[in-house]
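Engineer: Mind looking at a prediction? Sequence and model below.
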Amino acid sequence: NWLVDVNKRCIVPGMPGMTYVALSYVWGAARNFRAMRSNKQQLQNPGALDSGGLNISRTIRDAMSVVAILREHYLWVDAGGGGPFYNLPCIIQDEYSTKQDQLNNMASIYAEATVTIIAKDGSDSSHGLHGVSGSVARNLHQEIFKLSNDREAIVHPWSVDKKFTPWASRGWTFQEELFSPRRLIFEGQTIRWECCLATWHEDNDFNTTTECNDADESQLSQASNLFTEQRPNIEWFGHLIAVYNKREFTYSVDTLNALDGILCSLTEFKGGFIWGLPHILFDLALLWQPELKISRRAPKDDDENDILPPSWSWAGWQGVIDTKSWERGLNANEDSSTRVCSVVTWYL
């Protein structure tokens, strides 16, 4: 509903047809400004975001600079792992119905962005986008190995421990990357471009095809078929949940909040979802099993607003889900000699 105007330095109402850049980042422990109904009018005044009294994080300010460099006009700032407070200029904190609408519409917000800026470096929003004018300078070291008189090998700094960043471990960033068709990624003190056709690195003058390099990426590649399939496929849904449920959350209530955009997009699952289990296949969905040791999610510091998902749902546990557990149930239903029929009438 709201966008940051990077030229006027204020927030403006989003209107149909407006193009914008989205931001995906880790909020972390940094304490920052919150947009509320009480200051919404003030934030619409030109120059409001440059006010000395507003503690706008370095990452958001740097992203505004990147948007201007790209000659775009508007920035949408995502939830970025911020927990149940959603402390962001584009979400008014105490307009609760609007806030829930934005959570439900995360898929379209990222899918329709001109490009998504992804800040993978740093543990919180104070880290910034290193190398952007006015931000922290980059400290980039590239190892070069001489192979022959005319050949050299360069180690890409972003490829080392690529997966082991706070951004890659946080639950909120999962659907943001999944739905972003074009990504400008700040990682390992370098920048790269990714889309469905190619990947461009700033130190190469050629593009490389984007490939699935590990088990998680392979599972997500299969799960992406969910969004074009005309029928509910719980096997592919299982692949998606298996990757997602490894992610970490500060608040247990966010386990499903951060998945709302995905679940709302899966319209072929008639009846929606009950604590992350598809209503149309509820009996089967209850058969989920862990693949490895899992741990019960727990409320944070007895926070009364942190609602714990039930133990009968995968969402109530953190760890690797066995993607074969639902597949076996499907096979049993399809085999006429061992067909499974429900003896329970569910009232949900």
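Structural biologist: Noted; the coordinates are in hand.

Engineer: where does the protein dip in pLDDT?
Structural biologist: 29-38, 52-53, 78-100, 156-163, 206-219, 221-223, 300-306, 328-342, 348 (pLDDT under 70).

Engineer: any idea what sits nearest Gly122, other than its immediate chain neighbours?
Structural biologist: Closest residue to Gly122 apart from its sequence neighbours, by CB to CB, 6 or more residues apart in numbering: Val26 at 6.8 Å. Heads up, the C-betas are built off the backbone N, CA and C, glycines and all.

Engineer: And the one you found, which helix or strand is it part of?
Structural biologist: Assigning secondary structure by DSSP states H and E places Val26 outside every helix and strand.

Engineer: Tell me which residues touch it, please.
Structural biologist: By CB atoms under 8 Å, 6 or more residues apart in numbering, Val26 lies in contact with 80-81, 119, 122-125, 166-167, 170, 173.

Engineer: do the same with Ala242
Structural biologist: By CB under 8 Å, 6+ apart, the neighbours of Ala242 are 219, 291, 320-323.

Engineer: let's see 6 Å
Structural biologist: Counting by CB atoms under 6 Å, 6 or more residues apart in numbering, Ala242 touches 321, 323.

Engineer: quick check, it in a strand?
Structural biologist: No: per DSSP: H, G, I helix; E, B strand; the rest coil, Ala242 lies outside any strand segment and is helix.

Engineer: Kindly provide the distance from it to Asp322.
Structural biologist: From Ala242 across to Asp322, the span is 8 Å (CB to CB, to the nearest Å).

Engineer: Could you do Leu140 as well?
Structural biologist: For Leu140, the distance to Asp322 (CB to CB) stands at 41 Å.

Engineer: of these two, who's got more company?
Structural biologist: The neighbour comparison of Leu140 against Asp322 (other CB atoms under 10 Å) goes to Asp322, with 16 against 12.

Engineer: who are the neighbours in contact with the more buried one?
Structural biologist: Going by CB under 6 Å, 6+ apart, the list of residues near Asp322 reads 289, 291.

Engineer: give me that answer again for 10 Å
Structural biologist: 238, 242, 287-292, 328 (CB atoms under 10 Å, 6 or more residues apart in numbering).

Engineer: again, but for Gly261
Structural biologist: Gly261 touches 102-111, 174-176, 178-179, counting by CB under 10 Å, 6+ apart.

Engineer: okay, now the residue lying closest to it once chain neighbours are set aside: neighbour count?
Structural biologist: Distances taken as CB to CB, 6+ apart put Met106 closest to Gly261, at 2.9 Å, once the chain neighbours are dropped. Residues lying near Met106 (other CB under 10 Å) number 25.

Engineer: if I pick Met106, what's in contact with it?
Structural biologist: Counting by CB under 10 Å, 6+ apart, Met106 makes contact with 22, 78-79, 172, 175-176, 178-179, 257-262, 264-265.

Engineer: what helix or strand is Leu147 on?
Structural biologist: Per DSSP H and E: strand 144-148 holds Leu147.

Engineer: Could you look up the next helix or strand downstream of that strand?
Structural biologist: Criterion used, DSSP H and E; the element after strand 144-148 is strand 151-154.

Engineer: Please identify the buried residues of the helix or strand just after that following strand?
Structural biologist: Later in the chain than strand 151-154, the nearest helix or strand by DSSP H and E is helix 166-169. Of all the residues in helix 166-169, those buried under the rule 16 or more other CB atoms under 10 Å are 166-168.

Engineer: Just name the closest of those to Met18, please.
Structural biologist: Trp167 (26.9 Å; CB to CB).

Engineer: Might one say that the closest one is in contact with Ile117?
Structural biologist: No: the criterion here is CB atoms under 10 Å, and Trp167 misses it with Ile117 at 12.0 Å.

Engineer: got any residues that touch both of the two?
Structural biologist: Common neighbours of Trp167 and Ile117 (CB under 10 Å, 6+ apart) are 24-25, 185-186.

Engineer: neighbour-wise, which of those leads?
Structural biologist: Highest neighbour count within those: Tyr25, with 34 neighbours (other CB under 10 Å).

Engineer: Gly47 versus that one, what's the distance?
Structural biologist: For Tyr25, the distance to Gly47 - CB to CB - is 24 Å.

Engineer: go on, Asp283?
Structural biologist: Taking CB to CB, one finds Asp283 at 58 Å from Gly47.

Engineer: Give me the more crowded residue out of the two.
Structural biologist: Of the pair Asp283 and Gly47, Asp283 is the one with more neighbours under other CB under 10 Å, namely 15 against 9.
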